[in-house]
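S.K.: Generate a structure from the sequence data that follows.
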Amino acid sequence: MSIFDVLSNVQDLRKGDDSCAFNGYLEDYLTVIEEDHPGRHLFTQLFEADENLRICVNYGFDVNRDVISNQIIRYKDASKLPKKFMKCPYLIYGKDVTGHQFGLILYPSDRQEYLVAKGIYFALTEQEGPFESGRNEIVAMTMDSDELCLSVAQRLMAGNVRVGALQREIDKRNFKNFDELNRLANDYALNLKNNVMTNIKEHQHRGEIIYSTIMRWFLIKKAVYVHYMTNKDLLVTINENNIKKQRHNAKTFADQIPFVAFSEMWRL
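M.R.: Numbers count the residues shown, from 1 in each chain. Sure, this is the predicted structure:
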């Protein structure tokens, strides 16, 4: 099923289902959030652009340990996350002017966490993922620019853009090539490591910060691995058209992402 059809069958907390916090018309969501909600201005603009848009908030999902790429990444701590702890913060979805369905993953942060947004996309659309069939209908981005988010949404609504090409445009805004992507991923993961080592000792909700950090480490590793594996230029220029060599190098880069072990964080 396409993204719209899948999400139309997802219930939310209002109906006693913990699959997500809210799933329904964007117009209705605007009536239940506060005036100072950080996404209110953007959501209002999106609603004005298309009154039929819908929004799914905090869609919960799990790491699929049966997926080969997740086994290769082999970040075992991700399997210790509570059920449906991983969240897609906002997913705007609807139909374009031609009737084709589309989705827009919005991560409420700055460009530094773009790879987290991409990791969410890869996890949701991978083999046997909840949105596997909507892989070519969904774009992921951060909410650092209302103007850019609105522009991307409008292009999706117009129905005259290839989703893959649009995602590559957003990629290029955040990194020029894989080397730059890898530097961004390592810098971000190292910041997570330093922050958790410094702050967890006095943190009142230790489990929450540990699980949240593990979630982001996994998504970063996922983004690095998949970006490398799907890079055809690297396959030709670096890996001699040898997919096994490409897979080995992708795993190596994912393994190099710094993190702190689950047990060590609890002992701090």
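
S.K.: Would you point out which residue is most central in this protein?
M.R.: In the chain, the residue lying closest to the centroid (CA atoms, centre = their mean) is residue 120, at 2.4 Å.

S.K.: Which helix or strand contains that one?
M.R.: Per DSSP states H and E, residue 120 falls inside helix 114-125.

S.K.: before we move on, the earlier item: the residue nearest to the centre of the chain is in contact with residue 107, isn't it?
M.R.: Yes. In this structure, residue 120 is within contact of residue 107 by CB atoms under 8 Å, at 7.0 Å. Glycine gets a C-beta too; all of them are placed from N, C-alpha and C.

S.K.: ok, back up a step: list the residues that contact the nearest residue to the residue nearest to the centre of the chain once chain neighbours are set aside.
M.R.: What sits nearest to residue 120 in space, not counting adjacent residues and going by CB to CB, 6 or more residues apart in numbering, is residue 88, at 5.2 Å. Shown in contact with residue 88 (CB atoms under 8 Å, 6 or more residues apart in numbering): 56, 58, 59, 61, 105, 120, 124.

S.K.: The strand or helix carrying residue 88 to helix 114-125, inter-axis angle?
M.R.: Counting by DSSP H and E, the element that carries residue 88 is strand 86-95. If you take axes from the mean of the first three to the mean of the last three CA atoms, to 10 degrees, strand 86-95 sits at 70 degrees to helix 114-125.

S.K.: which helices and strands does whatever helix or strand comes next after strand 86-95 pack with?
M.R.: Proceeding N to C from strand 86-95, the next assigned helix or strand is strand 101-107, under DSSP H and E. Judged by 3 or more CB pairs under 8 Å, 6 or more residues apart in numbering; DSSP states H and E, the packing partners of strand 101-107 are helix 3-8, strand 86-95, helix 114-125, strand 138-142, helix 146-158.

S.K.: how close does residue 223 sit to residue 154?
M.R.: Using CB to CB, to the nearest Å, one gets 26 Å for the distance from residue 223 to residue 154.

S.K.: ok, the two, which is more surrounded?
M.R.: residue 223 (26 against 14; other CB atoms under 10 Å).

S.K.: Touching, the more buried one and residue 118? I think so.
M.R.: Yes. Here residue 223 reaches residue 118: they are 4.5 Å apart, a contact under CB under 8 Å.

S.K.: Name the nearest residue to residue 127, ignoring sequence neighbours.
M.R.: Residue 127 sits nearest to residue 67 (CB to CB, 6+ apart), 5.8 Å away.

S.K.: Find me the pLDDT at the one you found, would you?
M.R.: Residue 67 is assigned 92 on the pLDDT scale.

S.K.: just checking, what packs against the longest helix belonging to the chain?
M.R.: Criterion DSSP state H: the longest helix present in the chain is helix 206-229. Helix 206-229 is packed against helix 68-73, strand 86-95, helix 114-125, helix 178-199, helix 243-255, helix 262-267, with contacts defined by 3+ CB pairs under 8 Å, 6+ apart.

S.K.: what about the fourth one, distance to the chain center?
M.R.: Relative to its chain's centre, helix 178-199 lies at 17 Å (CA atoms, centre = their mean, to the nearest Å).

S.K.: One more: the first one?
M.R.: Computed by CA atoms, centre = their mean, the chain-centroid distance of helix 68-73 equals 17 Å.
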